[in-house]
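# this one's structure only:
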DNA sequence: AGCGATTCGGAAAACGTTTAATGTCTGCAG
DNA sequence: CTGCAGACATTAAACGTTTTCCGAATCGCT
């Protein structure tokens, strides 16, 4: 009989033979193709069950040239924002019957290139290129390699016709500022990261817009820029508080900066939020563990991830893809450092 | 000509045609099979280059029944220990030419089952089942589905013949305790997590062993068990410090417990490490941000991940796999809470 | 009874590779 | 001149599906 196959490779032929039917018919019942009688259908199903048959998806893909597989290339698998996006990508993919290949490029173009090659060789139906935070822009990867849909997640580029997904940093900047304004704060300091990051620029613009909308004059002395880290936050907060008219609130463009600012304020013996309110940005893991727990602007990482997945899957299904930059809105996480009652 | 193919599907036939040679010959030069003349080899390579041909790995796998692909199913994609293990798995896989499918089961058996089915249907060469911390034991997944090698990572089960990889919690418990003993501490409190976790049991045993090896009597009054969280750490540290003979050091079985303990000690106005030294366990992200930065026992997550990858790949290459529980040693991360000079 | 439409089932050709088998040279030893 | 052993190259059969096409049977009409 068919015992010559390698170990446990039960194929559609085995099923066909057992059910006394042709492989074509078996295929039909598997794929719910009409015009197979109920009786044979049952016979085939029984055979499938008995042999514990599972279709070989590889073979299927070969014929159908559709693998139900997408590739996910990340800059930094251990990046602080990676997991959340990955989680939602995996979720939308798997609920739609897709599997996802995980690739880590370590930010090296050569590795990214290599991963792209194998993904395409493995006939993925689409690819998500994901970054975290730092790297936001770069040349187009070698998309000429194959004509599979691509979406950029948390990064973008203008030289390629591809949808990009990033957080709405401007809106986030406005959101945090508005929150402080609504709590009655009038001199709001802004501690920013390096200005060559688009995120910094956008968050600052948001801050300014919110001030303007509230009829508060923008005071350049109240904004400071440094690195993204705690040390900068510490130093710049000190600078702000040393002003002749120190601020009654500090909005930091990252939670790390905010952590440093908190240190500085504690050092000065100031009460938070009574004397100075503090709002961070990013909703990093540790922000809830600060003293006091930090009110912050959350990056919409889940939403960005699922948007990426959905966009890609639609593109795979043939929907035309435009060169759009999707800016996903940030949300406010109220904790104790701003003075408002927490969520 | 061959323009009838779907868009940009350049196949081995196209190459063959351009190079005026048979597909078989092209295949040979691709796979470095001997007996093809240098001249035709060059001609074929030129054609490949010109057409920008990439072999269709799906088709290849079909014939060779070997996909160079592994599956990774995790309990909890967002688990605190997941990323590090994932990173090293991806690394060893990709350096050996394997791709990895990422699957998240959310700890639900039905999802795990479903993922297993599609992984097997997609003909993966092997599967890693990964957990984090909490779930350590459970029934065997439906391996009868297919005969592909499996390894368990950060979880284990005894009812299946499969290699398991877990941290050496006992060794870690001993390591932290020994470190405190060597720094001269003599009354070391032990704040533990729930005892139904094997990790708790093992860490406690390690603690006891280290004491014994140093000739210090084990005092049951010095060990407390609660939950894994900060709150427990806070309360149990208070209990310990209220003892008639309070400890001069506290070893916590998790960094969360340690964070709570730190709170309690601060509240009591005690200096760390001068009055009480503290050591945590897990090397969580926030442990370096405590006041003072927490000395802790690091879980060997990278090592566990790469071990998992290597074991799986070896098994795929045919090496027989035993039912072994690999306990990977933990390491000591010296920071400021123990009194020793940091690394 | 005749006949088109509908339903069911199978034969065979794909899908893009690899590989075993086979064939054709060329050169060289006897 | 024969025979034989490489060295190259090709043919064709796999791999496990899906899918087109075709034929047979049945059904519902006139």
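Everything's here; your move. As the structure is a computational prediction, the values presented were derived from the model and not from experiment.
# domain map for chain A?
Domain assignment of chain A by automatic domain parsing yields the ranges A:12-55, A:64-167+A:301-329, A:169-298.
# whether the first one contacts DNA strand D - can you check?
Looking back up the chat, that one is domain A:12-55. Yes - counting by Cβ under 7 Å from any atom of the strand, DNA strand D has neighbours in domain A:12-55: A:12-13, A:23-24, A:26-28, A:30-31, A:33, A:53-55. C-beta: built from backbone N, CA, C; applies to glycine.
# how about residue A:128, secondary structure?
Three-state call for residue A:128 (DSSP: H, G, I helix; E, B strand; the rest coil): strand.
# and the end-to-end length of stretch A:89-101?
11 Å (Cα to Cα, to the nearest Å).
# ok, stretch A:324-338 next?
Termini of stretch A:324-338 sit 35 Å apart (Cα to Cα).
# so which bits of that stretch are buried?
A:326-328, A:330, A:332-338 (16 or more other Cβ atoms under 10 Å in any protein chain shown).
# before we move on, what about stretch A:195-213?
A:197, A:199-204, A:206-211.
# returning to that earlier point: just put the buried residues of stretch A:324-338 in JSON lines and tack on pLDDT, distance to DNA strand D and secondary structure.
JSON lines is the format used below for those (pLDDT from 0 to 100; distance: Cβ to the nearest atom of the strand, whole Å; DSSP: H, G, I helix; E, B strand; the rest coil):
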{"residue": "A:326", "pLDDT": "95", "distance to DNA strand D": "33", "secondary structure": "strand"}
{"residue": "A:327", "pLDDT": "96", "distance to DNA strand D": "39", "secondary structure": "strand"}
{"residue": "A:328", "pLDDT": "98", "distance to DNA strand D": "36", "secondary structure": "strand"}
{"residue": "A:330", "pLDDT": "98", "distance to DNA strand D": "44", "secondary structure": "coil"}
{"residue": "A:332", "pLDDT": "98", "distance to DNA strand D": "49", "secondary structure": "strand"}
{"residue": "A:333", "pLDDT": "97", "distance to DNA strand D": "47", "secondary structure": "strand"}
{"residue": "A:334", "pLDDT": "96", "distance to DNA strand D": "52", "secondary structure": "coil"}
{"residue": "A:335", "pLDDT": "95", "distance to DNA strand D": "52", "secondary structure": "coil"}
{"residue": "A:336", "pLDDT": "94", "distance to DNA strand D": "57", "secondary structure": "coil"}
{"residue": "A:337", "pLDDT": "95", "distance to DNA strand D": "57", "secondary structure": "coil"}
{"residue": "A:338", "pLDDT": "90", "distance to DNA strand D": "57", "secondary structure": "coil"}
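# helix or strand for residue A:120, just tell me which one.
helix A:109-121 (DSSP states H and E).
# wait, does that helix contact chain B?
Yes - counting by Cβ under 8 Å from any Cβ of the partner chain, contacts between helix A:109-121 and chain B involve A:115, A:117-121.
# farthest-apart pair in these, please.
Farthest apart among the residues of helix A:109-121 next to chain B by Cβ to Cβ are A:115 and A:121. That separation is 10.6 Å.
# when these two are compared, which one has more neighbours?
Using other Cβ atoms under 10 Å in any protein chain shown as the criterion, residue A:115 and residue A:121 rank with residue A:115 on top: 24 against 17.
# could you pull up the contacting residues of the more buried one?
Shown in contact with residue A:115 (Cβ atoms under 8 Å, 6 or more residues apart in numbering or on different chains): A:71, A:73, A:103, A:105, B:94.
# what of residue A:275?
By Cβ under 8 Å, 6+ apart, the residues touching residue A:275 are A:248, A:265.
# residues from the stretch 201-343 of chain A in reach of chain B?
The stretch 201-343 of chain A comes close to chain B at residues A:259, A:285-286, A:289, as judged by Cβ under 8 Å from any Cβ.
# which two from these end up farthest apart in space?
A:259 and A:285 (11.6 Å).
# quick one: the strands in chain A, in order.
For chain A, the strands defined by DSSP state E occupy A:69-74, A:99-104, A:126-130, A:150-153, A:164-167, A:188-192, A:223-225, A:249-252, A:277-282, A:295-298, A:325-328, A:331-333.
# now, among the buried residues of stretch A:324-338, which is nearest to residue B:64?
The shortest approach to residue B:64 among the buried residues of stretch A:324-338 belongs to residue A:326, at 41.0 Å (Cβ to Cβ).
# what about the closest residue to that closest one other than its chain neighbours, neighbour count?
Among residues not flanking residue A:326 along the chain, residue A:165 sits closest, at 4.7 Å (Cβ to Cβ, 6 or more residues apart in numbering or on different chains). When neighbours are counted by other Cβ under 10 Å, residue A:165 registers 25.
# the closest residue to residue A:164 other than its chain neighbours and residue A:74, how far apart?
In this structure, residue A:164 finds its nearest non-sequential neighbour in residue A:156, 3.4 Å apart by Cβ to Cβ, 6+ apart. Distance from residue A:156 to residue A:74, counting by Cβ to Cβ, to the nearest Å: 15 Å.
# who's more crowded, these two?
In this view residue A:156 and residue A:74 are compared by other Cβ under 10 Å, and residue A:74 has more residues nearby, 28 against 21.
# residues contacting residue A:104?
Counting by Cβ under 8 Å, 6+ apart, residue A:104 touches A:73-74, A:76-77, A:111, B:87, B:90-91, B:94.
# could I get the pLDDT score of it?
With respect to pLDDT, residue A:104 scores 97.
# for chain A, which residues are neighbours of DNA strand C?
Neighbours of DNA strand C within chain A, by Cβ under 7 Å from any atom of the strand: A:20-25, A:34-41, A:59, A:62-63, A:65.
# write a ChimeraX command that selects only the buried members of those residues.
Filtering the residues of chain A next to DNA strand C down to the buried ones (16+ other Cβ under 10 Å) takes a single ChimeraX command:
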select /A:21,25,36,40,41,59,62
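# return the set of buried residues in stretch A:90-104.
Neighbour counts using 16+ other Cβ under 10 Å place A:90-94, A:98-104 of stretch A:90-104 among the buried residues.
# and of these, the nearest to DNA strand C?
Nearest to DNA strand C among the buried residues of stretch A:90-104 is residue A:101, at 18.9 Å by Cβ to the nearest atom of the strand.
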